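**Student:** Sharing a model prediction with you, sequence too.
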Amino acid sequence: MKKMSARKKKELRFQAAIEIVMAVFLFLAFVPIFLMLVLSFKSTWEVFNNFFGLPRRVEWGNYIRAFKYLYGNMWNTLAMVAVGVVLTLILSALGGFAFATKVFPGKNLLFAMLMAVMMIPGVLSLAANYNLILEYGLFNSRWAVIFPWITGGQVLGIILCRNSIEGLPLDLFDAARIEGCGDLQLLLRITVPLIKPILATIAVLKVVDYYNDFIWPMMVIDSNEKQVITVVLKVFTSSQDVSNIGVMFAGYVIATIPLLILFLFTSSLYMEGLTAGAVKG
């Protein structure tokens, strides 16, 4: 009993040490976010003279000025991301369903090639995609951004959907086919409801990926009203320079809010999807 008690105490001490280390890392991770929020309420004078302290006077005007500059591009970005994510989910579900339930020549080879695409850095395809956009006359259009998002985003989506669908009981599909369900009904009525956590995971991953994209929109969009928030933030930062640092940080906070809201409302489905996706590889 004494040996077990000593072992138990050792495990508890080790667990406590792990939790302390994790708490320290969590605190360090939130320091830049907290600092950004505090600086967004300060005037430029106070930023230079009281950088780490709390604002003596809250400058709400920083957010008003930043919002007036960014709100148009914010809504434009959210609309483009929404279209891109919806189309990515549709193609991912269709592709995953086909790979999981159909038998066709070259199926395994095609899936292996699909997985190999994930090993290619996206930066290597920029030149080829740019030439395609010019060839099809899509330059400086929103579709010039959305189409490459979809083509790249569906790769991971198809793989996750295929693995998730293959983990479902085959009896469900057999019983549905006996009842006269076609492939589209199988997908919409049975498959999609059962893989909602995986679809939610894909949606969250792609929202973050598309929303944070910077290089590609900067290459194919010229007009400011069609530009995404990440590129506009860079222009906004350059225009503010050192004269309106509080306004600049307020713009960063405003641009962060959509992703924060997304994660707050989808975190449970996201974690459930990650766990489900890890069952079958």
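**Tutor:** That came through fine.
**Student:** So what touches the helix or strand Leu233 falls within?
**Tutor:** Leu233 is part of helix 229-240 when elements are defined by DSSP states H and E. Contact with helix 229-240 is made by 66, 69-70, 73-74, 76-77, 211-214, 217-218, 221, 224, 247-248, 251-252, 255, as judged by Cβ atoms under 8 Å, 6 or more residues apart in numbering. No exception for glycine: its C-beta is placed from N, CA and C like everyone else's.
**Student:** Distance-wise, check Ala79 relative to Leu109.
**Tutor:** Look at Ala79 and Leu109: by Cβ to Cβ, to the nearest Å, they are 38 Å apart.
**Student:** still on that earlier bit, and whichever helix or strand comes after the helix holding Leu233, what does it pack against?
**Tutor:** Later in the chain than helix 229-240, the nearest helix or strand by DSSP H and E is helix 245-277. Judged by 3 or more Cβ pairs under 8 Å, 6 or more residues apart in numbering; DSSP states H and E, helix 245-277 is in contact with helix 2-39, helix 44-49, helix 61-101, helix 143-166, helix 196-211, helix 229-240.
**Student:** any chance of those in CSV, plus mean neighbour count and distance to Met113?
**Tutor:** Shown next, in CSV, are those (neighbours: other Cβ atoms under 10 Å; distance: least, Cβ to Cβ, whole Å):
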stretch, mean neighbour count, distance to Met113
helix 2-39, 10, 38
helix 44-49, 14, 52
helix 61-101, 19, 12
helix 143-166, 22, 10
helix 196-211, 21, 20
helix 229-240, 17, 31
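**Student:** can you redo these as CSV with mean pLDDT and distance to Ala127?
**Tutor:** Below are the helices and strands packed on helix 245-277 laid out as CSV (pLDDT from 0 to 100; distance: least, Cβ to Cβ, whole Å):
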stretch, mean pLDDT, distance to Ala127
helix 2-39, 83, 34
helix 44-49, 85, 41
helix 61-101, 92, 21
helix 143-166, 92, 12
helix 196-211, 91, 20
helix 229-240, 78, 19
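**Student:** Would you reformat those as a markdown table and include distance to Ser125?
**Tutor:** What follows is the helices and strands packed on helix 245-277, written out as a markdown table (distance: least, Cβ to Cβ, whole Å):
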| stretch | distance to Ser125 |
| --- | --- |
| helix 2-39 | 31 |
| helix 44-49 | 41 |
| helix 61-101 | 17 |
| helix 143-166 | 8 |
| helix 196-211 | 15 |
| helix 229-240 | 19 |
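**Student:** Indicate which one of those helices is closest to Leu262.
**Tutor:** Closest to Leu262 of the helices and strands packed on helix 245-277 is helix 196-211 (Cβ to Cβ; 5.8 Å).
**Student:** Against which helices or strands is that closest one packed?
**Tutor:** Secondary-structure packing of helix 196-211 (3+ Cβ pairs under 8 Å, 6+ apart): helix 61-101, helix 143-166, helix 245-277.
**Student:** now those as CSV including distance to Gly53?
**Tutor:** Formatted as CSV, the helices and strands packed on helix 196-211 follow (distance: least, Cβ to Cβ, whole Å):
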stretch, distance to Gly53
helix 61-101, 17
helix 143-166, 41
helix 245-277, 14
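**Student:** For Arg189, find the nearest of these.
**Tutor:** helix 61-101 (12.3 Å).
**Student:** Show the backbone phi and psi for Phe41.
**Tutor:** When read as degrees, to the nearest 10, the backbone of Phe41 gives phi -100, psi 10.
**Student:** list the contacts for it?
**Tutor:** If a contact means Cβ under 8 Å, 6+ apart, then Phe41 has 55, 58-60, 62, 246, 250 as its contacts.
**Student:** In ChimeraX, how would I select just the buried ones from these?
**Tutor:** Applied in ChimeraX, the following selects the buried portion of the contacts of Phe41 according to 16 or more other Cβ atoms under 10 Å:
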select :55,59,62,246,250
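**Student:** which one of the contacts of Phe41 is nearest Ser164?
**Tutor:** When the contacts of Phe41 are ranked by distance to Ser164 (Cβ to Cβ), Ala250 comes first, at 40.9 Å.
**Student:** Touching, that closest one and Arg65? I think so.
**Tutor:** Yes. With contacts counted by Cβ atoms under 8 Å, Ala250 reaches Arg65, the gap being 7.4 Å.
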